[in-house]
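Undergrad: Build me a model from this:
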Amino acid sequence: MPVQSDTYRRVLDTLPSPVTLVAVSKTQPVADILETYAIGQRDFGENYVQELLDKQPQLPADTRWHFIGHLQSNKVKYIAPFVHLIHGVDSYSLLKEINKQAGKAGRIIDCLLQVHIAREETKFGFDADELKGVLQHYNEHRKDLPHVRIRGLMGMASYSSDHILVREEFEGLKHLFTHYKTQLPEWDILSMGMSSDYTIAIECGSTLVRIGSLIFGLRG
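TA: Below you'll find the predicted structure:
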């Protein structure tokens, strides 16, 4: 499926200047990603470690790779040398493993904590109480995690045509983001919103949207 360049530019035109667009390139051929890169896109999101490892050497060095899928601890070592931002940290043990592998790579890796805001049970992430506990532990032991930096939160709303429900879920995540922002000076990324709901997410305060089908077309 060819890159929808006109749609891509229209999407960019709808984004306020502080909002970052991550082009979700999972399952897309390298040629289409390169075409999007040539238009000016630099941030790309991948869900699967092996696919990312296959693509990363084929893209220019200034490509910013976002890992947006569910990351297993035993796979962190493969992406630690180059990943730009890990969106889906959903356990403290994963955060520790990212710190360990980032240290081996001589890097500090930016991360987002994933919060479960959707009605579906299949989504990963912390609930509000778990998030509170993780951040408290992180603040108390930050010296033990010098190679990770928590930049904010990520969440996925219910896959629903009920815009009131989706808005409520995004507003709940924005409330949590605002509540904890005073505790973490580097807390500046709220990743929420995809092709079907990114406009609502932006209205609710998203600073980063993850859009795939509007850019690359629907996958067969």
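Undergrad: Averaged pLDDT, the helix ranked longest in the chain. What do you get?
TA: When the chain is parsed with DSSP state H, its longest helix is helix 163-181. Averaged over helix 163-181, pLDDT sits at 96.
Undergrad: And for stretch 46-63?
TA: Mean predicted confidence for stretch 46-63 is 98.
Undergrad: that older thread, which helices and strands does the longest helix of the chain pack with?
TA: With contacts defined as 3 or more CB pairs under 8 Å, 6 or more residues apart in numbering; DSSP states H and E, helix 163-181 has these neighbours: helix 128-140, strand 148-154, strand 189-191, helix 198-203. Every residue, glycine included, has its C-beta placed from N, CA and C.
Undergrad: export these to JSON lines and tack on mean pLDDT, mean neighbour count and distance to residue 81?
TA: JSON lines is the format used below for the helices and strands packed on helix 163-181 (pLDDT from 0 to 100; neighbours: other CB atoms under 10 Å; distance: least, CB to CB, whole Å):
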{"stretch": "helix 128-140", "mean pLDDT": "94", "mean neighbour count": "14", "distance to residue 81": "23"}
{"stretch": "strand 148-154", "mean pLDDT": "97", "mean neighbour count": "23", "distance to residue 81": "15"}
{"stretch": "strand 189-191", "mean pLDDT": "98", "mean neighbour count": "25", "distance to residue 81": "21"}
{"stretch": "helix 198-203", "mean pLDDT": "96", "mean neighbour count": "20", "distance to residue 81": "30"}
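Undergrad: With residue 96 as the reference, name the closest of the ones you listed.
TA: Proximity to residue 96 (CB to CB) singles out strand 148-154 among these, at 8.4 Å.
Undergrad: Pull up the pairing partners for that closest one, direction included.
TA: Strand 148-154 pairs in its sheet with strand 109-114 (parallel), strand 189-191 (parallel), by DSSP bridges.
Undergrad: Residue 20 is nearest to which of these?
TA: Of the strands paired with strand 148-154, nearest to residue 20 by CB to CB is strand 189-191, at 7.9 Å.
Undergrad: list the buried ones in stretch 170-177?
TA: 170, 172-174, 176-177 (16 or more other CB atoms under 10 Å).
Undergrad: count of neighbours near residue 185?
TA: The number of residues packed near residue 185 is 7, by other CB atoms under 10 Å.
Undergrad: Make sure I have this right: it is in a helix.
TA: No. Counting by DSSP: H, G, I helix; E, B strand; the rest coil, residue 185 falls outside a helix, being coil.
Undergrad: Next, work out how far apart it and residue 139 are.
TA: From residue 185 across to residue 139, the span is 12 Å (CB to CB, to the nearest Å).
Undergrad: repeat for residue 158
TA: As defined by CB to CB, residue 158 lies at a distance of 31 Å from residue 139.
Undergrad: Does residue 77 touch residue 104 like I think?
TA: Yes. In terms of CB atoms under 8 Å, residue 77 counts as a neighbour of residue 104; the distance is 7.4 Å.
Undergrad: what about those two, which has more around it?
TA: Using other CB under 10 Å, the more surrounded residue of residue 77 and residue 104 is residue 77, with 16 against 11.
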